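>>> Generate coordinates for the sequence data below:
(4 chains)
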Protein chains: 2
Amino acid sequence: MLWPVAEEDVFKALADPTRRRILDELVERDGQTLFEICTRLATKYGLGLTRQAIGQHLVVLESAGLVRSRRQGRYKFHDLNTEPLELIVTRWLRPDPPESTP
Amino acid sequence: MLWPVAEEDVFKALADPTRRRILDELVERDGQTLFEICTRLATKYGLGLTRQAIGQHLVVLESAGLVRSRRQGRYKFHDLNTEPLELIVTRWLRPDPPESTP
DNA sequence: TTGATAGGTAAGTCGCCACTTTCCTATGCT
DNA sequence: AGCATAGGAAAGTGGCGACTTACCTATCAA
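Numbers count the residues shown, from 1 in each chain, chains lettered A, B, ... in the order given. From the prediction side, this is the model:
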């Protein structure tokens, strides 16, 4: 248990389509800055959002543990972290289907 | 591709804590009716929601393909369907880590 | 048919959330 | 120093979603 992240935060973070697209970009290439993400969202998806909006989305993703950031000079690089997603997968798996109970 | 369900619907359905608890109940026992779900949510979690509220949540879950229902007389039984969850899992998996690039 | 049970529908309220606008801080370059 | 770049913070707005209240339909039992 590395992050004291509530499941609530993870699901809420994933609820927004823009945030999901940000994750899509980061899975393609880690270590992007805010401006890079803005540019790619604009060119690839025609997203007409301001830099501030994307910045707020990144805060939400970080709070959910889905994105980790490292500061370097005036740049802040963002990395994808898929660990919290495992919570989702395992949560609603059938405990153990006994297979032969007619 | 069994249901024409948008990914948007799945993530939105999972965004609400009450709906997640409903899924928790269904993974424990399939085939519960609306009233059963209401009762169990109230007793186990102290959820003070009206029957109508739960009913609306079930509609959302069905639209997302996470719950399937079968009518039988005046009863309507609800079953969990975890297929849409696989979308979430596979979406942000790294394509193929080349492993040896130090 | 009457009454009870199981569920559906629709209007209305309220709070939250995404987004913009505006302004501010920090780092690097020359 | 001065300016541009990268990022952060905060107030305000608009819309959507969760919930309630109230009413309606359908099935079964007496």
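>>> Past the host helix or strand of A:Glu25, which element shows up next along the chain?
Applying DSSP states H and E as the criterion places A:Glu25 in helix A:17-28. Proceeding N to C from helix A:17-28, the next assigned helix or strand is helix A:34-45, under DSSP H and E.
>>> The helix holding A:Glu25 near DNA strand D at all?
No: counting by C-beta under 7 Å from any atom of the strand, DNA strand D is not contacted by helix A:17-28; separation bottoms out at 10.8 Å. To be clear about C-beta, it is placed using only N, CA and C from the backbone, and glycine gets the same treatment.
>>> ok, now stretch A:51-69?
Yes: part of stretch A:51-69 sits close enough to DNA strand D to count as contact by C-beta under 7 Å from any atom of the strand, namely A:51-52, A:55, A:58-59, A:69.
>>> from those residues, which ones fall inside helices?
Judged by DSSP state H, the residues of stretch A:51-69 next to DNA strand D include A:51-52, A:55, A:58-59 as members of helices.
>>> Using PyMOL, make a named selection holding only the buried ones among those residues.
Selection of buried members from these for PyMOL, criterion 16 or more other C-beta atoms under 10 Å in any protein chain shown:
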select buried, chain A and resi 58
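>>> one step back: put together JSON lines for the residues of stretch A:51-69 next to DNA strand D, with distance to B:Arg21 and pLDDT on each row.
Putting the residues of stretch A:51-69 next to DNA strand D into JSON lines (distance: C-beta to C-beta, whole Å; pLDDT from 0 to 100) gives the following:
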{"residue": "A:Arg51", "distance to B:Arg21": "37", "pLDDT": "98"}
{"residue": "A:Gln52", "distance to B:Arg21": "35", "pLDDT": "98"}
{"residue": "A:Gly55", "distance to B:Arg21": "33", "pLDDT": "98"}
{"residue": "A:Leu58", "distance to B:Arg21": "29", "pLDDT": "98"}
{"residue": "A:Val59", "distance to B:Arg21": "27", "pLDDT": "98"}
{"residue": "A:Ser69", "distance to B:Arg21": "32", "pLDDT": "98"}
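>>> what's the most distant pair in those?
Of all pairs drawn from these, the greatest distance, 16.4 Å, lies between A:Gln52 and A:Ser69 (C-beta to C-beta).
>>> Name the nearest of the residues of stretch A:51-69 next to DNA strand D relative to chain B.
Nearest to chain B among the residues of stretch A:51-69 next to DNA strand D, counting by C-beta to the nearest C-beta, is A:Leu58 at 15.6 Å.
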